[in-house]
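>>> I would like the atomic coordinates for the input below:
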Amino acid sequence: MNHAIYWPDMEKGQTKTLPGINQRKRQWYEASSLFLGRVCLKLGFTPNVLTVVSLLCAVVAGLQFWTGNIMWGVLWMIITAFTDMLDGSTARAGDLGTVFGGIFDHVLDRYGEFCILAGITLSGSAHPGWGIFALFGMLIASYTRAAAESMGKIENCAVGMVGRAEKFLLIIIGAVLEIYFPTGIWPKAGWLEFALIIVGVTSLITAIQRLAYAKKVLGNRKSV
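Now for the predicted structure:
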């Protein structure tokens with residue numbers, strides 16, 4: 001769980017926030033991945049091209065899950081997460097970040113998540129209801145953040161229990177356990193389905209945490 005820390009700004013008489021755990025992790029991650037962005041620039045990649053590549057990797061991951069190749073699905077999920085990280089680091093390294101680029105990245109990320117979860121669900125590894133539950137949780141957590149940042153003008157609402165990387169990690173762990181431990185012992189429906197349930201629950205908690213964060217920052221303001 002992460003919450004930003006509030007402290008008074010004595011000069012302006014306003015309330016500022018200190019970065020929470022997620023923000024501090026993001027700052028570290030952005031700084032440490034910058035050199036990879038410089039490498040991508042030298043190779044001629046642009047952030048938007050890498051965003052498209054990440055989506056294509058997610059499509060392949062979904063197809064691998066759908067056809068029962070769980071290990072290949074895991075591998076392509078890892079590549080998806082890696083290329084998703086590269087588009088942001090490339091934008092920062094070359095100062096190529098644009099508002100449209102951010103929107104493009106957010107939208108294609110949702111398409112990618114849909115492809116992966118659809119592949120898992122269609123494979124029969126999880127009950128379709130839990131697949132829809134996990135997908136809804138991931139979408140509503142992302143939408144809550146987007147609404148807080150666009151309508152509430154909150155600079156960064158990436159707070160809460162889990163982000164995209166943690167959700168991917170949960171699914172990857174569930175998929176690997178599904179391969180090496182037989183279904184029917186515990187949990188009875190299989191590890192991949194169990195992972196989707198956890199992803200759905202933690203995503204819904206994250207959405208609530210983001211709503212609470214927005215309420216705390218915005219209070220009862222009528223305009224921003």
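>>> Okay, and the residue nearest to residue 54 when sequence neighbours are not counted sits in which element?
Closest residue in space to residue 54, ignoring its immediate chain neighbours: residue 83 at 4.0 Å, by Cβ to Cβ, 6 or more residues apart in numbering. For the C-beta atoms, the positions are set from N, CA and C on the backbone; glycine is no exception. Element membership of residue 83, judged by DSSP states H and E, is helix 70-93.
>>> which residues of this structure fall in strands?
5-9, 14-18 (DSSP state E).
>>> which of those strands has the lowest average pLDDT?
Comparing mean pLDDT across those, the weakest is strand 5-9, with a mean of 42.
>>> How about residue 154: what's its closest non-neighbour residue?
The nearest residue in space to residue 154 (Cβ to Cβ, 6+ apart) is residue 148, at 4.8 Å.
>>> Give me the number of neighbouring residues for that neighbour.
23 (other Cβ atoms under 10 Å).
>>> Could you do residue 124 as well?
Residue 124 sits with 11 neighbouring residues when counted by other Cβ under 10 Å.
>>> What about it? Give its phi and psi, please.
phi 90, psi 0 (degrees, to the nearest 10).
>>> any idea how far the residue nearest to the spatial centre of the chain is from residue 89?
Nearest residue to the geometric centre of the chain (Cα atoms, centre = their mean): residue 164, 1.8 Å. According to Cβ to Cβ, to the nearest Å, residue 164 stands 15 Å off from residue 89.
>>> Then residue 207?
Relative to residue 89, and taking Cβ to Cβ, residue 207 is found at 27 Å.
>>> Then residue 105?
Residue 105 is 12 Å from residue 89, by Cβ to Cβ.
>>> Show me which of the two is the more surrounded one.
Using other Cβ under 10 Å as the criterion, residue 105 and residue 89 rank with residue 89 on top: 24 against 20.
>>> how deep is the nearest residue to residue 193 once chain neighbours are set aside tucked in, by neighbour count?
Once flanking residues are discounted, residue 193 sits nearest to residue 126: 3.8 Å by Cβ to Cβ, 6+ apart. The tally of other residues near residue 126 (other Cβ under 10 Å) stands at 27.
>>> for the longest helix along the chain, which positions count as buried?
The single longest helix within the chain, with elements called by DSSP state H, is helix 191-218. For helix 191-218, burial by neighbour count (16 or more other Cβ atoms under 10 Å) applies to 191-200, 202-207, 209-211, 213-214, 217.
>>> do the same with stretch 40-51
For stretch 40-51, by 16+ other Cβ under 10 Å, it's 40, 41, 45, 46, 47, 48, 50, 51.
>>> does the first one really touch residue 50, like I thought?
Yes - the criterion here is Cβ atoms under 8 Å, and residue 40 meets it with residue 50 at 6.7 Å.
>>> list the residues that contact both of these two?
86, 90 (Cβ atoms under 8 Å, 6 or more residues apart in numbering).
>>> That concludes my questions; thank you for your assistance.
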